[in-house]
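Peer 1: Any chance you can model this:
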Amino acid sequence: MSVTRRALFATTLASIAMGCVFPALAQELVPEGPVTTTALINVQSKSEEPLNPAMLTLQLNGKSMPITSVKPIGGHNAQVAILIDDGLRSSFGNQLSDLVSFINSLPPGMQVLVGYMRNGEVYVPSKDGGFSTDHAAVSDTLRLPISSGGVSASPYFCLSEFVKHWPSNQPGPRFALLLTNGVDPYNGSTSPLNQDSPYVQTAQEDAQRAGVAVYAIAYADAGYRGVRGAAMSGQNYLSQVTQATGGESLWQGIGNPVSLQPFLKEFSKDISESYTITFMADAAREKNDTLERFKLKTSQPGIKIHAPDGVHPGVDLQ
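Peer 2: Now for the predicted structure:
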């Protein structure tokens, strides 16, 4: 044990003996050994056969690890954040009725939030700024985007800030649906030949640390009208983030979707077909930014699994 850790440990023991523990010191203590960790996965079955947990194999950082539980999320405690780019074209107003229908069709008890991405942050118009099971009240917060070129800044700055300060202190499976063009204007070029943005990578890793499965529906921004290369670049970035977090990019066509309804239906189906898996992850070297490589496979025929590429030890989604 290092000198610093011995001193910190001695200070904490003394505090306990005196009947108090200083929160700042307690937070600095790094857990030793493995800690219970959960990850959110999506299971797609060609034959509609249920998932057989016995046929799953898990590797963390290339080492085989036992799985202690596999549970369907049920939906009652899931948290769904719908994040709308405030720079979207005004034609997005034609899609609001589909979003209203989607929110009001969610299972009772499922928590939902609508937020607007602009200037690197997410603005939540609800009174308490958090998730709610009152679906009708949440759908009432939907509005037209500002539709001004440049107001959205980078959706990846917004996503990073949002997942790092997830507006709920309750455990539960976490989903985020981004409605944005996906373009990163701060990477020096919006060409699809320049697909190596550190800001996109950071957003992806922040979502993994928070245990958030990111989904996306690409929709054009007012500031990138007619720029096909930028649209392709944005869609490529959205695919990168969604795949790395165990989600999916639901629309990648040329132009805007005529209706959001089929993609929202697919998103709802994916939520209902998601599971949490529990396992032990080594926290001996844990830091706030630790990510362990996560690889989940199944030998079950006809089953396809979407899972995050990385997990943070100690994440609790149950």
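
Peer 1: Could you tell me how many residues sit around residue 46?
Peer 2: 9 (other CB atoms under 10 Å). From N, CA and C alone the C-beta is placed, and that goes for glycine too.

Peer 1: What are the phi and psi values at it?
Peer 2: phi -70, psi -30 (degrees, to the nearest 10).

Peer 1: how close does the nearest residue to it once chain neighbours are set aside sit to residue 133?
Peer 2: Closest residue in space to residue 46, ignoring its immediate chain neighbours: residue 302 at 4.1 Å, by CB to CB, 6 or more residues apart in numbering. Residue 302 sits 35 Å away from residue 133, going by CB to CB, to the nearest Å.

Peer 1: of the two, who's got more company?
Peer 2: Neighbours per residue (other CB under 10 Å) separate residue 302 from residue 133, with residue 133 holding more: 15 against 11.

Peer 1: domains of this structure?
Peer 2: 1-30, 79-263 (automatic domain parsing).

Peer 1: Is it correct that residue 172 falls within a strand?
Peer 2: No - counting by DSSP: H, G, I helix; E, B strand; the rest coil, residue 172 is not part of a strand but coil.

Peer 1: Residue 85 contacts residue 159, doesn't it?
Peer 2: No - applying CB atoms under 8 Å, one finds residue 85 not in contact with residue 159, separated by 10.8 Å.

Peer 1: anything in contact with each of those two?
Peer 2: 117, 178 (CB atoms under 8 Å, 6 or more residues apart in numbering).

Peer 1: Next one: residue 79 from residue 112, what distance?
Peer 2: Applying CB to CB to residue 79 and residue 112 gives a distance of 8 Å.

Peer 1: okay, and the common contacts of these two?
Peer 2: Taking CB under 8 Å, 6+ apart as the contact rule, residue 79 and residue 112 both touch residue 131.

Peer 1: my guess is residue 103 meets residue 135, correct?
Peer 2: Yes - applying CB under 8 Å, one finds residue 103 in contact with residue 135, separated by 5.1 Å.

Peer 1: Settle it for me: which of the two has more neighbours?
Peer 2: Using other CB under 10 Å as the criterion, residue 103 and residue 135 rank with residue 103 on top: 23 against 20.
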